[in-house]
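Enquirer: here you go, sequence then predicted model.
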Amino acid sequence: MEWTWASLTSPPTVTEKTSAAIKSTKPEKDTPNFAPISKRIGTKSAKRHLKKLSGKERRFHRDVNHCVSGRLVAKAKGTGRAIALEDLKGIRNQTTVRRAQRSRHHTWTFRQLRSFIEYKAALSGVPVILVDPRGTSHICPECGHNEKGNRVSRNEFRCVRCGFAGPADHVAAINIAARAAVNQPMVACGDVEALYRN
């Protein structure tokens, strides 16, 4: 079975084994900036603006999550693949980001995107596999060497043992797909029933 996988750690990036990435919106450019208004929350003008903007950010994130999840599930269904996702429980407590990215990191709805992918995949008959995210960004998919030094920068991966190099998100996606393939049951449900009938 082929795999389609998504990295939900930096919203929303989608990568595929075939390198034909799904074109998604770029939320970092389109995300409304609510920080200046929230800083002057005590003024009458600020309260009026906040009331006007009430729910706008939430609706924006929901719309982007719907679009990305719909495209991902449609691509997986059209190519006959399953979807592998990292299980990102506690992502906000486990990761650090630069000051400029904190607002975006803490307001993005990782869980909502995952739930949209799961329910749309269930409706379409596409399997979704959750894998442990530990080490996916610094394990070499070629030789299996696990070292934090493999991650040269945020965007670059280079194995210190074998020299394998590539975009860090793509390497992590390959590792996620490999873990999902390993986590699959050995026998399909229909085959188990056939074994018990004989």
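Expert: On my side now, so go ahead.
Enquirer: what packs against the longest helix that the chain contains?
Expert: Longest among the helix segments of the chain by residue count, using DSSP state H, is helix 56-79. Secondary-structure packing of helix 56-79 (3 or more Cβ pairs under 8 Å, 6 or more residues apart in numbering; DSSP states H and E): strand 3-7, strand 13-16, helix 27-30, strand 82-86, helix 110-124. C-betas here are computed from N, CA, C, even on glycine.
Enquirer: one more time with 6 Å, if that's ok
Expert: With contacts taken as 3 or more Cβ pairs under 6 Å, 6 or more residues apart in numbering; DSSP states H and E, helix 56-79 sits against helix 110-124.
Enquirer: could you tell me the angle between the helix it packs on and strand 82-86?
Expert: 160 degrees (axes from the mean of the first three to the mean of the last three Cα atoms, to 10 degrees).
Enquirer: what angle do helix 110-124 and helix 56-79 make?
Expert: Using the same axes, to 10 degrees: helix 110-124 against helix 56-79 is 40 degrees.
Enquirer: quick one: buried residues of helix 110-124?
Expert: Within helix 110-124, the residues scored as buried using 16 or more other Cβ atoms under 10 Å are 110, 113-114, 116-118, 120-121.
Enquirer: re earlier: now the longest helix of the chain - C-alpha only, CSV.
Expert: Output in CSV follows, covering the C-alpha atoms of helix 56-79 (Å, rounded to 0.1, in the frame of the first residue of the first chain):
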residue,chain,number,x,y,z
LYS,A,56,-12.7,35.9,12.5
GLU,A,57,-9.5,34.1,13.4
ARG,A,58,-11.3,30.9,14.4
ARG,A,59,-13.3,30.9,11.2
PHE,A,60,-10.1,31.5,9.2
HIS,A,61,-8.3,28.5,10.8
ARG,A,62,-11.4,26.3,10.3
ASP,A,63,-11.6,27.2,6.7
VAL,A,64,-8.0,26.5,6.0
ASN,A,65,-8.2,23.2,7.9
HIS,A,66,-11.2,22.2,5.9
CYS,A,67,-9.5,23.0,2.6
VAL,A,68,-6.3,21.2,3.5
SER,A,69,-8.0,18.1,4.9
GLY,A,70,-10.3,17.9,2.0
ARG,A,71,-7.5,18.1,-0.6
LEU,A,72,-5.4,15.6,1.4
VAL,A,73,-8.2,13.0,1.7
ALA,A,74,-9.2,13.5,-2.0
LYS,A,75,-5.6,12.9,-3.1
ALA,A,76,-5.2,9.8,-0.9
LYS,A,77,-8.5,8.4,-2.2
GLY,A,78,-7.7,9.2,-5.8
THR,A,79,-4.4,7.5,-5.6
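Enquirer: what is the rounded mean pLDDT of it?
Expert: Average pLDDT, helix 56-79: 92.
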